[in-house]
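Asker: kindly generate the corresponding structure for this input.
(4 chains)
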2 protein chains.
Amino acid sequence: MSIVKKILIADDEPDILEIIKFNLQAEGYEVITAKNGNEAIDMAKQYQPDLIILDIMMPGKNGIEVCDILRMQPAFQETLIIFLSALSDEVTEIKGLETGADDYLTKPIKPKILASKVNALFRRLNKESNGVLQYGELKIDREKYIINYQNEDIILARKEFELLALLASKPGKVFLRNEILNQVWGTEVIVGDRTIDVHIRKIRQKLDLDCITTVKGVGYKFEL
Amino acid sequence: MSIVKKILIADDEPDILEIIKFNLQAEGYEVITAKNGNEAIDMAKQYQPDLIILDIMMPGKNGIEVCDILRMQPAFQETLIIFLSALSDEVTEIKGLETGADDYLTKPIKPKILASKVNALFRRLNKESNGVLQYGELKIDREKYIINYQNEDIILARKEFELLALLASKPGKVFLRNEILNQVWGTEVIVGDRTIDVHIRKIRQKLDLDCITTVKGVGYKFEL
DNA sequence: ATATGCGGTTAACAATTTGATAATATTAGA
DNA sequence: TCTAATATTATCAAATTGTTAACCGCATAT
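Answerer: Residues are numbered from 1 along each chain as shown, chains lettered A, B, ... in the order given. Modelled structure (predicted):
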């Protein structure tokens, strides 16, 4: 998932589209829009958004149909989906949620509240606890930039630290080299092939602890 | 997380407590209740619920205070929290969501909708932790790139892993050699006839488990 | 101003692993 | 039985990663 989250909004009312777009952009999201159901599906496939906001009533395919279609494809099984609806019909709302949506908002939309809900959903999805990670005798303090192992502080350089902190943020998960580059170096910077390896090497050396495993052809993972 | 999800409800109105409790139990959840903020904190610590539903206005500590206190503790950083409120005050709602709640519902509560929202939250939570396929004693963890059989980790090379993961994604389905080539090798790459066989062979060898069946003249399928 | 050290990157090469192939054996099914 | 399809095995080239040393830029100390 990209660092700047992409949101796709689909609604046939241009005014609503604009209001929502404006407010979400103000929150720092990248916003793309669609005017109807079919367009929404096309845009979704093209841009792979992190969140899709679907109006229920749209010409062509309605929101629930769009949700159904997208959810059937592996690429959109994890994508966040929020429904918007003019009708506060209980049955429709329940049906919407059971179709696989993550939330259901009734119009009139209050932009600030929508933004809060969007933030809440992304917060939950990232579940990045910004504090101290601790695994056994190893402590990683992401605020103070300090590693502590067996009660000894270990100094890592910034890139080394960020790399370790990233891997340790989800123990066991294999991070692809691409993911690592995006998260630690950013999408703009381009560095050579061996850069990651060299940093990994330094971490392994300084920590003198076998906690980073290579998964050849895939990436690296942290585990004790 | 336990298989039966535990939900803690905190509200000072006994009627509401009962209605919600009844409906969530009907959905198969285990429900515990608290009559005020302090009780909610105690119960949360004691029972470690998966979801906490907090009324905002309660005697003693109000819902937002409770949420704040719980969120400060590591044990409750991941716990789902929903606020209930009689006031549909926009400012309070935004504040509630930013305190770290996952949803905010205004009274009057519609029990069915609450249940749907609860289901949606748990559905989302499960999706996240699940890149894992499990069949009996065999686990295939796509995120960790690990096969686990009878509590032993088995390391497969990338192609082997992807091949097994593909077959196991639809147990019983026979995958044509062509399908396999397209999914695992991609449409560009062209490899010889025996390549798939050799990989299948290696998987069978490493797993020491008869889970891949040859369908002569057609393809391969996964089944236990 | 000059020297020193650190962080970050790269290049070059070594070490390792993977994946494809060829050659041969075996099997399932007509 | 006979044949096409698959299994098996060893081998080798290619891909990937590990390791080391060198380089550059920057900050800080001399």
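Asker: so what's the residue of chain A found nearest DNA strand C up against?
Answerer: In chain A, the residue that lies nearest DNA strand C is A:Ala157 (2.7 Å; Cβ to the nearest atom of the strand). Yep, even glycine has a C-beta here, placed from its N, CA and C like the rest. Residues near A:Ala157 by Cβ atoms under 8 Å, 6 or more residues apart in numbering or on different chains: A:Lys202.
Asker: what are the phi and psi values for it?
Answerer: Dihedral pair for A:Ala157: phi -70, psi 160, per degrees, to the nearest 10.
Asker: gap between it and A:Val198?
Answerer: 11 Å (Cβ to Cβ, to the nearest Å).
Asker: how close does the residue of chain A closest to DNA strand C sit to A:Leu164?
Answerer: 11 Å.
Asker: excluding chain neighbours, what is closest to whichever residue of chain A sits closest to DNA strand D?
Answerer: Nearest residue of chain A to DNA strand D: A:Thr214, at 3.6 Å (Cβ to the nearest atom of the strand). In this structure, A:Thr214 finds its nearest non-sequential neighbour in A:Tyr220, 5.9 Å apart by Cβ to Cβ, 6 or more residues apart in numbering or on different chains.
Asker: does that neighbour count as helix, strand or coil?
Answerer: At A:Tyr220 the chain is in strand, as set by DSSP: H, G, I helix; E, B strand; the rest coil.
Asker: swap in the one 4 residues further on?
Answerer: Per three-state DSSP, the secondary structure class of A:Leu224 is coil.
Asker: I figured it hits A:Leu138, correct?
Answerer: Yes. Shown here, A:Leu224 and A:Leu138 form a contact pair, counting by Cβ atoms under 8 Å, at 7.2 Å.
Asker: returning to what we had before: do you know the pLDDT at the residue of chain A closest to DNA strand C?
Answerer: We have a pLDDT of 95 for A:Ala157.
Asker: before we move on, what about A:Leu87?
Answerer: With respect to pLDDT, A:Leu87 has a value of 73.
Asker: and the longest helix seen in chain A, does that touch chain B?
Answerer: Secondary structure of chain A per DSSP state H: the longest helix is helix A:111-126. Yes. Using Cβ under 8 Å from any Cβ of the partner chain, helix A:111-126 comes into contact with chain B via A:112-113, A:116-117, A:119-120, A:123-125.
Asker: any chance of those residues in a markdown table, with pLDDT too?
Answerer: Putting the residues of helix A:111-126 next to chain B into a markdown table (pLDDT from 0 to 100) gives the following:
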| residue | pLDDT |
| --- | --- |
| A:Lys112 | 90 |
| A:Ile113 | 90 |
| A:Ser116 | 92 |
| A:Lys117 | 93 |
| A:Asn119 | 91 |
| A:Ala120 | 90 |
| A:Arg123 | 85 |
| A:Arg124 | 82 |
| A:Leu125 | 78 |
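Asker: residues contacting the helix or strand bottoming out on mean pLDDT in chain A, please?
Answerer: Of all helical and strand segments in chain A, the minimum by mean pLDDT, DSSP states H and E falls on strand A:132-135, at a mean of 84. With Cβ under 8 Å, 6+ apart as the test, strand A:132-135 has contacts from A:139-143, A:165, A:168-169, A:171, A:224.
Asker: now stretch A:209-223: buried residues?
Answerer: Buried positions in stretch A:209-223, judged by neighbour count with 16 or more other Cβ atoms under 10 Å in any protein chain shown: A:211-213, A:215, A:218-222.
Asker: ok, and what's touching it?
Answerer: Contacts for stretch A:209-223 (Cβ under 8 Å, 6+ apart): A:138, A:149, A:164, A:167-168, A:170-177, A:179-180, A:196, A:200, A:203-204, A:224, B:144-145, B:157-158.
Asker: surely the residue of chain A closest to DNA strand D is within a strand?
Answerer: Yes. Under three-state DSSP, A:Thr214 falls within a strand.
Asker: that one and B:Asp193, how far apart?
Answerer: 32 Å.
Asker: can you check A:Asp141 too?
Answerer: A:Asp141 is 55 Å from B:Asp193, by Cβ to Cβ.
Asker: strands of chain A, start to end?
Answerer: A:6-10, A:30-34, A:51-55, A:80-85, A:103-106, A:132-135, A:138-141, A:146-149, A:152-154, A:174-176, A:212-215, A:219-222 (DSSP state E).
Asker: tell me which of those strands sits most buried.
Answerer: strand A:51-55 (a mean of 27; mean count of other Cβ atoms under 10 Å in any protein chain shown).
Asker: for that one, packing partners?
Answerer: strand A:6-10, helix A:37-47, helix A:63-72, strand A:80-85, helix A:111-126 (3 or more Cβ pairs under 8 Å, 6 or more residues apart in numbering or on different chains; DSSP states H and E).
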